[in-house]
Each structure stands twice: as C-alpha cells, then as structure tokens.
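>>> 3D model of this:
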Amino acid sequence: MNGPRRIGQTVPEVAGKALGKRGLAFGSLINDWPSIVGHQLSLRTAPDKLSFPRGKREDAVLHIRAMGAIALELQHLEPQIVERINSFFGYRAVAKIKLIHAAPLTIQKPTVRPRDLTMDEELSVMTTTATVEDEELRATLERFGRSLLARPRPAPRRR
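Numbering: from 1, shown residues only. Here you go, the predicted model:
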C-alpha cells in the first residue's frame, strides 16, 4: 500500500535501524534516563546496554557507564533504580544492574559562531529601531535584531 502512513507505523522501522540490536526499549531508556534516575545522576551516568536473556523480553541486565564514587552510589541505589526502570516500562524489564567503569558518553553539539553582519543588515537594524524612544529598550531590540540576522542560515532542503 503506497501513500501516507501514520508516524507511529514508521518510528519502529526507522528507530529500529538506528538502534540495531539494542532495540526500541533501549532507545526510550536513553531518551528518558534523566526522568528515570533524576537529573543529578543522569549527568554522571548513562545506560550503555540492555541485555535480555535469549528469547525473552524481561529480566534484562542493564549495563550503566559510571566512574569513581558515583559507582558506589549506584550500587547502593540499585534496587530503587531497577524499580524506577520497571515502573517506566510497566513490567519487569530489568532484573539487575551491571556497572561499567567508564565515563558516560556525551553528545557534543558543535558550536556555531554567529556570522558578522553586512553593512546593509546593520543599517537595517539601526533604522528599524530608530523610532523607539526608550534607550534601554532600543538597545535590547538592536541586540535581538543583530542576533537574529547573525544566525547561520539553514541549508536548503534537498528534494
């Protein structure tokens, strides 16, 4: 059947390819890790792998990346974390946690330096805000206008 499909039908197909053997359960675990373990723990830990017993989709071992003193804290909090994860999934997905002594992988977004405005763009900002009487408001609007114009332009979409 060709034609439009509901997004819910395509997500497992696309996400399944991206996550490979790890599966959709692992993807949702990664995505919601901060809400499961709390903000502070999520900054210093990360789920690494979810290993289910062969042929089963429950009683998995969750491998968590952690370093130093946080590993000791995770050992202490294991029952609560397992309970939170299972509550998140709605069934006994995880039976135990295995710690991996490694720093959590972080995804760094590349920082983009704003471009310099052309003389015409600078003149446009100044003339647009020239009628604003309040000096502080005018300065704020000028900074805002410059920041909008200095943003990198998105790449054209390919069809």
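
>>> hey, where'd the strands end up in this protein?
Here the chain has its strands, by DSSP state E, at 45-51, 60-66, 94-101.

>>> contacts for stretch 56-75?
25, 29, 41, 44-53, 81-82, 85, 91-105 (CB atoms under 8 Å, 6 or more residues apart in numbering). C-beta here means a position set from N, CA and C on the backbone, and glycine is covered the same way.

>>> buried subset of those?
Among the contacts of stretch 56-75, the ones that count as buried by 16 or more other CB atoms under 10 Å are 25, 29, 41, 44-48, 50, 52, 81-82, 85, 93-94, 97, 99-100, 104.

>>> dump the strands of the chain into a markdown table; add mean pLDDT and distance to residue 75 as well.
Below are those laid out as a markdown table (pLDDT from 0 to 100; distance: least, CB to CB, whole Å):
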| stretch | mean pLDDT | distance to residue 75 |
| --- | --- | --- |
| strand 45-51 | 88 | 12 |
| strand 60-66 | 91 | 10 |
| strand 94-101 | 92 | 7 |
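
>>> so which of those strands is nearest residue 113?
strand 45-51 (28.9 Å; CB to CB).

>>> quick one, that closest one and strand 60-66 angle?
150 degrees (axes from the mean of the first three to the mean of the last three CA atoms, to 10 degrees).

>>> sheet-wise, list the partners of strand 45-51 with their directions.
strand 60-66 (antiparallel) (DSSP bridges).

>>> distance from the chain centre to the strand it pairs with, please.
Relative to its parent chain, strand 60-66 has a centroid offset of 19 Å by CA atoms, centre = their mean, to the nearest Å.

>>> equivalent analysis for stretch 49-67, please.
21 Å.

>>> any idea how far the residue nearest the centre of the chain lies from residue 53?
With the centre of the chain defined as its mean C-alpha position, the nearest residue by CA atoms, centre = their mean is residue 31, 6.2 Å away. To residue 53, residue 31 is 24 Å away according to CB to CB, to the nearest Å.
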